[in-house]
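A.B. asks: here is my input; please provide its structure:
(one chain, ligands or ions: 2)
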Amino acid sequence: MVSVAKPLAVTSGEPAGIGPDIMLLSWIARKARSLPAFYWRGDPDFISRRAKRIGLDIPFAVVEPEEAAACFSKCLPLVKTGDAIDDRPGEEIEDTAKSVIASIEACVHDVLKGQASGVVTNPINKAALYGAGFTFPGHTEYLGHLADKLWTEPPYHPVMMIAGPDLMVVPITIHIALKDVPEALTEDLIVKTATITANDLKHRFGFSAPRIALCGLNPHAGENGAMGLEEQTIIMPAIERLRADGIDVAGPLPADTMFHPEARRTYDCALGMYHDQVLVPAKTIGFDDSVNVTLGLPFIRTSPDHGTAYSLAGTGKARPDSFSAALRMAAVLSDPGAI
Ligand SMILES: NC(=O)C1=CN([C@@H]2O[C@H](COP(=O)(O)OP(=O)(O)OC[C@H]3O[C@@H](n4cnc5c(N)ncnc54)[C@H](O)[C@@H]3O)[C@@H](O)[C@H]2O)C=CC1
Ligand SMILES: NCC(=O)COP(=O)(O)O
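C.D. replies: Residues are numbered from 1 along each chain as shown. Ligands and ions are numbered 1, 2, ... in the order given. This next block holds a predicted model:
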């Protein structure tokens, strides 16, 4: 089993989604999958009903975070958080948003208090949270906000990475409409994101000299300006600044030819100009073993690379692989000597 100094704090995620299922299935397979100790923050009655629904006979222990590590090998530790929740898989239930957000916030506080080694988030239904007044596009931005509010050296710039054994990618703009990408893409944003990525690859992931590849924005990386100018006016100047800072950067490269196996061997992490440009190849190549990890934060946060998959919730058919990988990665990042 991978060891952690303190257990990992796992958020409830969207109760109608597969988050509860993959967490339960991971605990059941904790030994076979070599998982670190963790506890789940949410409604204990809800999770025990979900376990029964998918045919799992799990001993639970309702505990405080500091008691979780001691019982993890025998019982699944639950820390009561938020309101009572009905178990209605696949159905959007009103009024759960407050509890979903409370669970994220409580897990972050646990890390701040030294009771948890990191936060592993379960998928949320973003639209449902927006409907309840949540003003952040996703966890990544919300966790950046919490870091700014709670830690001592703001501002933090959260960077989304999808990391798998065969491909690591970072989208430079994240949760914004495609039409807004050219406007949002600036030389400073590229330099900041690539610098944080290179730094975390070195200090958290153990790459001694990380090689970054930057995608172009336009087809054929602009074809010398015939298909767009952003490569020349924004991306190339950013690359020159990064190189002047000693960062190994290639690009701007045509995104359509960057992800075949031979091309992938030439870099350690690909930075795309927008979400789908790099998340499509990452999830196509490594859907089950990739992890969403937030760089640039003063604490460790990982997550499975997928969403709530409503149609699988409560069926026992959701694969827990990416969630288990997120637990292992959080353990390794919180203590690179853990494995
Ligand atoms: N970190 C997070 O909180 C994330 C949340 N989401 C949210 O999830 C919701 C649904 O998004 P979708 O784009 O449909 O993505 P999704 O990842 O939930 O589903 C995409 C496809 O993959 C399948 N799938 C996903 N996880 C699986 C698993 N563990 N085992 C087997 N099959 C699995 C689903 O059944 C579906 O066919 C949205 O509300 C979105 O906001 C999406 C991505 C990340
Ligand atoms: N497609 C990945 C994704 O949307 C995850 O977002 P976040 O909630 O981790 O910020």
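
A.B. asks: next secondary structure after whichever strand or helix holds Val293?
C.D. replies: Assigned by DSSP states H and E, Val293 belongs to strand 291-295. Per DSSP H and E, the first helix or strand lying C-terminal to strand 291-295 is strand 301-304.

A.B. asks: sorry, back to before: show me what the strand holding Val293 is packed against.
C.D. replies: When contacts are defined as 3 or more C-beta pairs under 8 Å, 6 or more residues apart in numbering; DSSP states H and E, strand 291-295 sits against helix 139-150, strand 159-163, helix 187-203, strand 301-304, helix 321-334. Backbone N, C-alpha and C define where each C-beta goes, glycine included.

A.B. asks: list the strands paired with it, with their directions.
C.D. replies: strand 159-163 (antiparallel), strand 301-304 (antiparallel) (DSSP bridges).

A.B. asks: possible to save these as JSON lines with mean neighbour count and distance to Ile285?
C.D. replies: Listed next are the strands paired with strand 291-295 as JSON lines, based on neighbours: other C-beta atoms under 10 Å; distance: least, C-beta to C-beta, whole Å:
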{"stretch": "strand 159-163", "mean neighbour count": "24", "distance to Ile285": "10"}
{"stretch": "strand 301-304", "mean neighbour count": "29", "distance to Ile285": "16"}
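
A.B. asks: nearest to ligand 1, out of those?
C.D. replies: strand 301-304 (4.8 Å; C-beta to the nearest ligand atom).

A.B. asks: now the residue lying closest to Ala313 once chain neighbours are set aside: how far from ligand 1?
C.D. replies: Once flanking residues are discounted, Ala313 sits nearest to Pro89: 3.7 Å by C-beta to C-beta, 6 or more residues apart in numbering. The gap separating Pro89 from ligand 1 is 13 Å, by C-beta to the nearest ligand atom, to the nearest Å.

A.B. asks: now Lys283
C.D. replies: In terms of C-beta to the nearest ligand atom, Lys283 sits 8 Å off from ligand 1.

A.B. asks: number of residues surrounding Glu230?
C.D. replies: By the criterion of other C-beta atoms under 10 Å, Glu230 has 19 neighbours.

A.B. asks: just the helices and strands packed on strand 291-295: most buried one?
C.D. replies: strand 301-304 (a mean of 29; mean count of other C-beta atoms under 10 Å).

A.B. asks: what about stretch 160-171, average pLDDT?
C.D. replies: Per-residue pLDDT values over stretch 160-171 give a mean of 98.

A.B. asks: ends of that stretch, what's the gap?
C.D. replies: 7 Å (C-alpha to C-alpha, to the nearest Å).

A.B. asks: from Ala37, how far out is the residue in the stretch 151-300 of the chain that ligand 1 sits nearest to?
C.D. replies: Using C-beta to the nearest ligand atom, the single residue of the stretch 151-300 of the chain nearest to ligand 1 is Asn292, 5.8 Å away. For Asn292, the distance to Ala37 (C-beta to C-beta, to the nearest Å) stands at 21 Å.

A.B. asks: show me what the one helix or strand in the chain whose mean pLDDT sits lowest packs onto, helices and strands only.
C.D. replies: Least confident helix or strand of the chain, by mean pLDDT, DSSP states H and E, is helix 126-131 with a mean of 91. Counting by 3+ C-beta pairs under 8 Å, 6+ apart, the packing neighbours recorded for helix 126-131 are helix 97-112.

A.B. asks: what pairs with the following helix or strand past the helix it packs on, parallel or antiparallel?
C.D. replies: On the C-terminal side of helix 97-112, the nearest following helix or strand under DSSP H and E is strand 119-120. Neighbouring strands of strand 119-120 in its sheet, by DSSP bridges, are strand 8-10 (parallel), strand 301-304 (parallel).

A.B. asks: show me what from this structure comes close to ligand 1.
C.D. replies: Applying C-beta under 6 Å from any ligand atom, we find that the chain lies next to ligand 1 at 18, 22, 123-127, 139, 292, 303, 306-309, 311-312, 318-319.

A.B. asks: out of those, which are buried?
C.D. replies: With neighbours counted by 16 or more other C-beta atoms under 10 Å, those contain buried members at 18, 22, 123-126, 139, 292, 303, 306, 308-309, 312, 318-319.

A.B. asks: okay, buried residues for the host helix or strand of Ala70 please.
C.D. replies: Element membership for Ala70 (DSSP H and E) is helix 65-71. By neighbour count on 16+ other C-beta under 10 Å, the buried set for helix 65-71 is Pro65, Glu67, Ala68, Ala69, Cys71.

A.B. asks: who's in contact with Arg243?
C.D. replies: Counting by C-beta atoms under 8 Å, 6 or more residues apart in numbering, Arg243 touches Val249.

A.B. asks: also the one 4 residues further on?
C.D. replies: By C-beta under 8 Å, 6+ apart, Ile247 lies in contact with Ala194, Thr195, Ala198, Pro210, Ile212.

A.B. asks: quick one: the second one and Leu242 touch, right?
C.D. replies: Yes: under the contact definition of C-beta atoms under 8 Å, Thr195 touches Leu242, with a separation of 7.0 Å.

A.B. asks: report pLDDT for Pro336.
C.D. replies: Looking at Pro336, its pLDDT reads 64.

A.B. asks: spatially central residue for this protein, please.
C.D. replies: Asn292 (2.9 Å; C-alpha atoms, centre = their mean).
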